[in-house]
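*Asks:* build me a structure from this.
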Amino acid sequence: MDVVVRALRGVWRVKNARMGFFVLTAGAIASVAQGQWAVEVVDFDGGLTGTPGFDNPATVLGEPERFTGESLFPGVVSPFNPAFGTDELVSIGEGGHLTVRFDRPINNDGSHLFGVDLIIFGSGGFVDSGFPDGVVGDPPGVFGTDEAQLELSVDGVDWVDAGMFTEGFVPAMGYADSGPFDDEPGSVLTDFTKPVDPSVVLDDFSGMNMEDLRAFYDGSGGGTGIDVRALVGADDGFMFARISVADDDDANTSLNAEVEGFAVVPAPGVCTVLVGGIALAGRRRRLT
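*Replies:* Coordinates of the predicted model:
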């Protein structure tokens with residue numbers, strides 16, 4: 001039964017061949033309340049090879065998910081169980097792009113932890129070599145980690161190339177007191193605005209169990225950290241981010257990347273307000 005459950009959880013990750021693309025460009029698509037997160041989708045083109053069903057760009061707005069699979073396999077978001085719902089991720093295929101706006105600038109700030117100024121959350125996770133106990137293999141096995149292009153802009157007109165990044169390289173973790181597949185929310189929220197050391201490499205996770213991972217994350221919610229220090233415009237403050245996947249002109253490939261959310265790293269001493277400190281099960285960002 002465990003094998004069946006794991007297989008079904010992975011169904012949505014199946015990469016499909018070339019498909020019709022989904023485009024939304026008529027002004028602002030959706031927006032949410034102000035905060036450390038992306039607050040507005042400015043432009044979205046799902047490209048040629050986006051994963052079917054994962055075509056709502058508004059899913060990237062607001063705080064990333066902490067609990068996933070409510071209608072199918074309810075579970076905490078953990079390094080072994082990333083968000084997988086169609087209302088939690090958007091897929092960008094070849095030739096596609098996603099542009100979002102923030103209500104506060106992404107600044108180069110040397111006081112930011114590890115020098116990270118922006119965090120991007122994706123759909124990546126570790127293969128559980130000790131299922132269901134949550135053990136990273138040696139060497140680590142991963143799924144859902146895809147490369148994409150990142151560009152940043154101060155005004156939404158002129159763009160700066162921020163290079164390639166791997167979405168989901170440091171998998172998201174919703175709670176600091178949960179197991180890998182708990183079917184009830186934890187009580188200690190992680191901080192999605194706190195970076196993990198970006199110098200980490202995949203082999204550093206070898207053999208880690210959930211206790212080791214919680215210690216390594218040190219209260220962070222994970223994500224791929226971006227340091228804008230070397231970019232022109234960093235001192236002015238970037239207000240827009242664009243993620244794209246290039247078309248490799250190969251009909252035999254189906255490249256895409258899934259994005260769950262963004263977090264602008266705050267100045268030291270500034271934290272996200274968490275009402276009551278306890279998350280509610282089944283929180284959704286159902287935006288249209």
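*Asks:* any weak-confidence spans in the stretch 1-150 of the chain?
*Replies:* Applying pLDDT under 70 to the stretch 1-150 of the chain flags the ranges 1-34.
*Asks:* hey, where'd the strands end up in it?
*Replies:* Using DSSP state E, counting those that start in this stretch, the strands assigned to the stretch 1-150 of the chain run over residues 23-24, 30-31, 38-45, 67-68, 75-76, 90-93, 96-106, 118-122, 125-126, 142-143, 146-153.
*Asks:* for residue 185, find the nearest of those.
*Replies:* Residue 185 sits nearest to strand 67-68 of all the strands of the stretch 1-150 of the chain, at 5.3 Å, using Cβ to Cβ. (Each C-beta comes from the backbone N, C-alpha and C, glycine too.)
*Asks:* what about stretch 35-53, start to end distance?
*Replies:* 27 Å (Cα to Cα, to the nearest Å).
*Asks:* next one: stretch 204-211
*Replies:* For stretch 204-211, the separation between the terminal residues is 15 Å (Cα to Cα).
*Asks:* list the buried residues of it.
*Replies:* For stretch 204-211, the neighbour count (16 or more other Cβ atoms under 10 Å) marks 205, 208, 210 as buried.
*Asks:* can you tell me which of those lies closest to residue 80?
*Replies:* Nearest to residue 80 among the buried residues of stretch 204-211, with distances taken as Cβ to Cβ, is residue 210, at 8.0 Å.
*Asks:* now do the helices in the protein.
*Replies:* Using DSSP state H, the helices of the chain run over residues 2-9, 210-217.
*Asks:* reformat the buried residues of stretch 204-211 as a markdown table; add distance to residue 126 and pLDDT.
*Replies:* Output for those, formatted as a markdown table (distance: Cβ to Cβ, whole Å; pLDDT from 0 to 100):
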| residue | distance to residue 126 | pLDDT |
| --- | --- | --- |
| 205 | 7 | 98 |
| 208 | 8 | 98 |
| 210 | 10 | 98 |
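*Asks:* closest to residue 155 out of those?
*Replies:* Using Cβ to Cβ, these come closest to residue 155 at residue 205, 38.6 Å.
*Asks:* pretty sure that closest one contacts residue 140?
*Replies:* Yes. Using Cβ atoms under 8 Å, residue 205 is in contact with residue 140, at 5.0 Å.
*Asks:* for residue 223, see how far away the most centrally placed residue in the chain is.
*Replies:* In the chain, the residue lying closest to the centroid (Cα atoms, centre = their mean) is residue 121, at 1.5 Å. Here residue 121 is placed at a distance of 5 Å from residue 223 (Cβ to Cβ, to the nearest Å).
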